[in-house]
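Visitor: here's my sequence, what's the structure:
(chains A and B)
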Amino acid sequence: MYVAVKGGEQAIDAAHRLLGEVRRGDHAVPELSLEQIQQQLGLAVDRVMGEASLYDPGLAALAIKQACGDLIEAIFLLRAYRTTLPRFGATRPIDTAAMSVRRRISATFKDLPGGQILGPTFDYTHRLLDFDLAEAAPREPGETSSGVAAPVEGFSAGPLPRVVDLLDREGLIESERPDEDGRRVGDLTREPLAFPAERDVRLQSLARGDEGFLLALGYATQRGYGRNHPFAGEIRLGEVTVEFTPEELGFPVEIAEITVTECQMVNQFRGSLTAPPQFTRGYGLAFGHSERKAMAMALVDRALRAGELGEEPSSPAQDQEFVLYHGDNVEASGFVQHLKLPHYVDFQSELVLLRTLRAQAGARPDA
Amino acid sequence: MSGYNFAFLDEQTKRMIRRSILKAVAIPGYQVPFGSREMPLSYGWGTGGVQVTASLIGPEDVLKVIDQGADDTTNAVSIRKFFERTTGVRTTTRTAEATLIQTRHRIPETPLRAGQVLVLQVPIPEPLRWLEPREAETRKMHALEEYGVMHVRLYEDITRHCKVAQTYDYPVRVDGRYLMRPSPIPKFDNPKLDRSPALLLFGAGREKRIYAVPPYTPVKSLDFEDHPFEVETWRQPCGLCGATGVFLDEIIVDDKGGRLFVCSDTDHCAERRSPR
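Guide: As a prediction, the model looks like this:
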């Protein structure tokens, strides 16, 4: 009668074999190549790179393929790989004012130096299924569909002044000066979080944070839970160079060019005892083209600054511990899903207690 | 396994974790924050325990991994396999034979001996968490030894149920100082924590905390003079080996209310049925 739960090992092996089969699907359908994922599912690749904190489109594509398109699983895979990589140091801050811009919009000024550049965007597409895409028809070069294509030669604009810098010149927005080189930047993938967390660590946490979580929190601030009156000062997408100063050289060398999306929110601020009325900032930055993420991040960044701006924190989005402890989808997904693990022992303890309490209360044991 | 260091973690990381363990041993029951790494295993599935084990394990060690007292539950199998792949060390199911035991939710029935290390996986390390969600607050409460709320919480149970209704993760005081969560072991196992000859290490990966009960440290389960601490008891012995005074799992054998109670510690049960 009692069959001990043996054979866990064979069961696990069999489960992994089944997963492999499901991943491949029908063999009559050609297998996906990493190039196809990288080129044609680029936004998925961008999200995985961003939330895994590792800029490597090839590995991100591999993770997406291995995860059968489950992006949080792909993020997990890429992070578990990232954690094994040695850390050489921190790069110099990227300069987004020097970005070769492919898209740049401002909701605060009708026109501005460099103009509004729509670039590749879903905005204003009518969300009508394009049945032409169902057929893999050869397209003319240069003819792009509604998706986002790889950088096109001659498509990008040179350095454009940033909207917030224009406001800054007039003193209308709080100043933010770059830290001097060499200031140590926090890294929550190497050191445990401590509270209150500084803005560098908060921004890192948000940049790795789950897009859905930030989207919901940012949305909540718009609906009154920690409202901070935002304007999308500027959203820009393009390529920036990454520079690193090796100790033995003493001068910066260019090590990479990466694609980023930056969002600068401009938020109302009525002033406090210590600060005159001026606009304040919320900042969002994400790898690749991740506008929704960058905007949500900027809203939440601003909300988390409530304390330092003398606002009374009253909503989850303004609560550091709430946001930073719960925004990581790999942590959250693991802990939620650990409920699948056996809990026979705890449950047995609860059964023993419940039966005792019910007997005590005079309830029939089988009632 | 090629491409990875012995026991997966790089030596620098192991050193960092060992430093945290030393600090934890020096301050029994205190939760030491550590730079928990992302492991190739889900958070909540033993990443803390795995990192503690990985930082301690050496080629000479003999490893035992259990989950719910059993060596053959899926997650125990998976973690044991992880260490077999990444270290090649000998593994065992026998408690007496192991030098290093990683466990989830149980302490083996076979008494541990000096020189053994028990690594417990911890989901939520903070004993005050359900009473105060904020980490900044709970750290202050520990610093000030402000543990009255926990006694009040237990007292409220007594007023409501005439007994403390906490069955697992039952709070303990370590060496008369820190309030500690023993991880979700049943309170049945709490007495095994007290003056254990083995080193007890607790790893919480997601929450990035390590804490310890060094050998022979007094560990007291919270109680009241008129409501002394008590553990679960069963009316029947183990249905397989006849053991009494052990923690029993309940197995549903049919849909007519048939139950079988068997040892949760599978090694202990097997040993009793056919001594090796």
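Visitor: quick one, strands of the chain?
Guide: In the absence of a named chain, this looks at chain A. Remark: strands assigned in chain A by DSSP state E are A:100-105, A:230-244, A:253-267, A:280-287.
Visitor: wrong one, I was asking about chain B
Guide: B:32-33, B:62-67, B:90-91, B:100-104, B:117-121, B:172-174, B:178-180, B:199-204, B:209-213, B:219-221, B:248-252, B:259-263.
Visitor: could you say which one of the ones you listed comes nearest to chain A?
Guide: Closest to chain A of the strands of chain B is strand B:32-33 (Cβ to the nearest Cβ; 3.9 Å). Just so you know, the C-beta spots here come from the backbone N, C-alpha and C atoms, and that holds for glycine as well.
Visitor: pLDDT score for the nearest residue to residue A:121 once chain neighbours are set aside?
Guide: Leaving aside its sequence neighbours, residue A:121 sits nearest to residue A:103 (Cβ to Cβ, 6 or more residues apart in numbering or on different chains; 6.4 Å). We have a pLDDT of 95 for residue A:103.
Visitor: got it, and residue A:342?
Guide: Looking at residue A:342, the pLDDT reads 89.
Visitor: likewise for the one 5 residues further on?
Guide: What the model reports for residue A:347 is a pLDDT of 92.
Visitor: highest average neighbour count across the strands of chain A?
Guide: strand A:280-287 (a mean of 24; mean count of other Cβ atoms under 10 Å in any protein chain shown).
Visitor: relative to the whole chain's centre, how far out is that one?
Guide: With Cα atoms, centre = their mean, to the nearest Å as the basis, strand A:280-287 stands 11 Å off its chain's centre.
Visitor: list the contacts for the residue nearest to residue A:121?
Guide: A:117-121, A:235-238, A:289 (Cβ atoms under 8 Å, 6 or more residues apart in numbering or on different chains).
Visitor: residue A:334 and chain B, how far apart?
Guide: Applying Cβ to the nearest Cβ, to the nearest Å, one obtains 3 Å for the distance of residue A:334 from chain B.
Visitor: what about that residue, how many residues nearby?
Guide: 21 (other Cβ atoms under 10 Å in any protein chain shown).
Visitor: ok, now the one 10 residues further on?
Guide: Neighbouring residues of residue A:344 were enumerated by other Cβ under 10 Å; the total is 19.
Visitor: now residue A:81
Guide: 17.
Visitor: just want the most central residue of chain B.
Guide: Nearest residue to the geometric centre of chain B (Cα atoms, centre = their mean): residue B:120, 3.3 Å.
Visitor: my guess is that one contacts residue B:50. True?
Guide: No: applying Cβ atoms under 8 Å, one finds residue B:120 not in contact with residue B:50, separated by 11.9 Å.
Visitor: overlap of the contact sets of the two?
Guide: Counting by Cβ under 8 Å, 6+ apart, the residues touching both residue B:120 and residue B:50 are residue B:203.
Visitor: gap between residue A:346 and residue A:352?
Guide: To residue A:352, residue A:346 is 11 Å away according to Cβ to Cβ, to the nearest Å.
Visitor: compare the two and say which is more crowded by neighbours.
Guide: The residue with more neighbours, out of residue A:346 and residue A:352, is residue A:352; 20 against 17, by other Cβ under 10 Å.
Visitor: what sits closest to the more buried one if chain neighbours are left out?
Guide: residue B:232 (4.7 Å).
Visitor: can you count the residues close to that neighbour?
Guide: For residue B:232, the neighbour count with other Cβ under 10 Å is 18.
Visitor: show me what contacts residue 197?
Guide: The chain I'm using is chain A. Contacts of residue A:197 (Cβ under 8 Å, 6+ apart): A:186, A:205, A:320, A:324.
Visitor: switch to chain B, please.
Guide: B:111-114, B:116, B:215-216.
Visitor: what subset of these is buried?
Guide: Neighbour counting with 16 or more other Cβ atoms under 10 Å in any protein chain shown marks B:112, B:116, B:215 as buried within the contacts of residue B:197.
Visitor: how about these in a markdown table, adding pLDDT and distance to chain A?
Guide: A markdown table is the format used below for those (pLDDT from 0 to 100; distance: Cβ to the nearest Cβ, whole Å):
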| residue | pLDDT | distance to chain A |
| --- | --- | --- |
| B:112 | 98 | 18 |
| B:116 | 98 | 21 |
| B:215 | 98 | 25 |
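Visitor: could I get the full set of helices for the stretch 1-150 of chain B?
Guide: Secondary structure of the stretch 1-150 of chain B by DSSP state H, counting those that start in this stretch: the helices cover B:11-26, B:47-56, B:74-87, B:135-143, B:148-161.
Visitor: who does the third one touch, helix- and strand-wise?
Guide: Judged by 3 or more Cβ pairs under 8 Å, 6 or more residues apart in numbering or on different chains; DSSP states H and E, helix B:74-87 is in contact with helix A:8-24, helix B:47-56, strand B:62-67, strand B:90-91, strand B:100-104.
Visitor: chain A contacts on the stretch 151-276 of chain B?
Guide: Counting by Cβ under 8 Å from any Cβ of the partner chain, the residues of the stretch 151-276 of chain B close to chain A are B:161-163, B:165, B:167-169, B:184-188, B:206, B:208-209, B:232, B:234, B:239-240, B:247-251, B:253, B:257, B:260, B:262, B:264, B:266.
Visitor: for those, which PyMOL command selects only the ones that are buried?
Guide: In PyMOL, this line selects whichever of these come out buried by 16+ other Cβ under 10 Å:
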select buried, chain B and resi 165+167+168+169+184+185+186+187+188+206+208+209+232+234+239+240+247+248+249+250+251+260+262+264+266
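Visitor: in helices, which of the residues of the stretch 151-276 of chain B next to chain A fall?
Guide: Of those, the ones assigned to helices by DSSP state H are B:161, B:266.
Visitor: low-confidence ranges in chain B?
Guide: Counting by pLDDT under 70, the ranges of chain B that qualify are B:1.
Visitor: swap in the stretch 1-150 of chain A?
Guide: Within the stretch 1-150 of chain A, the stretches with pLDDT under 70 are A:1-7, A:137-150.
Visitor: just the helices in it please.
Guide: A:8-24, A:34-40, A:42-52, A:57-66, A:71-82.
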